[in-house]
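>>> Quick one: sequence plus predicted model below, questions after.
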Amino acid sequence: MIFIGLGANLPSQRYGPPRAALGAALYALNQAEIRVVRRSHWYESAPVPVADHPWYINAVAEVETKLTPHQLIRTLLEIETKAGRGRSVANAPRILDLDLIAYDQTVIDDVTKKGINATVPHPRMTERAFVMLPLDDLAADWTHPESGLAISEIISALPDGQITRRLDDASGYQGTEWTAPD
């Protein structure tokens, strides 16, 4: 199973509020040889690390693709750029954030290929409630390929103080405020 983390906390001039941009990103994935099989519930979460930024909207999508991990990461970066994401400093607010969380049981440790630096599974996923709770929605029996820990074990060991709330779906594409083109 391949999982992509979805996040945003700034509105997009092109798509609107953060969850609308995430809906447009899910649509873009389907247009780019990446079939969205299903997605978790949407979550609202406080920034990690704690910062005076708007709260994030997060989810995880299970996808199918023939792209390699590096090709997939390159495509995720292209979708972010097309949505208007700029990169400044680490943990800055963003219009769109797409991360390869896990690619089957593949482990890649900072291998650079054609300019793409990748660590799979995502190196900070086990520290983030906004990743682990949505991942649990999709694959409660998943185990971390390096540590062998079950999701329930990882969730019980998450750092304290992370505030995450599950949201109801909106009425647009993939439970967002965005409407897909006909």
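Perfect, I can see it now.
>>> hey, C-alpha coordinates of the strand ranked longest in the chain in PDB?
Taking DSSP state E as the criterion, the chain has its longest strand at strand 56-65. C-alpha atoms of strand 56-65 as PDB (Å, rounded to 0.1, in the frame of the first residue of the first chain):
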ATOM      1  CA  TYR A  56      -3.800  22.700   9.200                       C
ATOM      2  CA  ILE A  57      -6.200  20.500   7.400                       C
ATOM      3  CA  ASN A  58      -4.800  17.000   7.000                       C
ATOM      4  CA  ALA A  59      -5.600  13.600   5.600                       C
ATOM      5  CA  VAL A  60      -3.900  10.600   4.200                       C
ATOM      6  CA  ALA A  61      -4.700   9.100   0.800                       C
ATOM      7  CA  GLU A  62      -4.100   5.500  -0.200                       C
ATOM      8  CA  VAL A  63      -3.000   5.500  -3.900                       C
ATOM      9  CA  GLU A  64      -2.000   3.100  -6.600                       C
ATOM     10  CA  THR A  65       0.600   3.900  -9.200                       C
END
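>>> following that strand, which helix or strand shows up next?
The helix or strand immediately downstream of strand 56-65 is helix 69-82, counting by DSSP states H and E.
>>> Adjacent strands (with direction) for the helix or strand following that next one?
Taking DSSP H and E as the definition, the helix or strand that follows helix 69-82 towards the C-terminus is strand 97-103. According to DSSP bridges, strand 97-103 forms sheet pairs with strand 2-8 (antiparallel).
>>> Contacts for the strand it pairs with next, please.
With contact meaning C-beta atoms under 8 Å, 6 or more residues apart in numbering, strand 2-8 is reached by 18-19, 21-22, 25-26, 29, 34, 39, 56-65, 72, 76, 94-104, 122, 125, 130-131, 134-135, 138-139. In this view, the C-beta of every residue, glycine as well, is placed from N, C-alpha and C.
>>> Distance from the chain centre to that strand, please.
Taking C-alpha atoms, centre = their mean, to the nearest Å, the mean C-alpha location of strand 2-8 is offset from the chain mean by 2 Å.
>>> orientation of that strand relative to helix 69-82 in degrees?
Taking axes from the mean of the first three to the mean of the last three C-alpha atoms, to 10 degrees, one finds strand 2-8 and helix 69-82 inclined to each other by 20 degrees.
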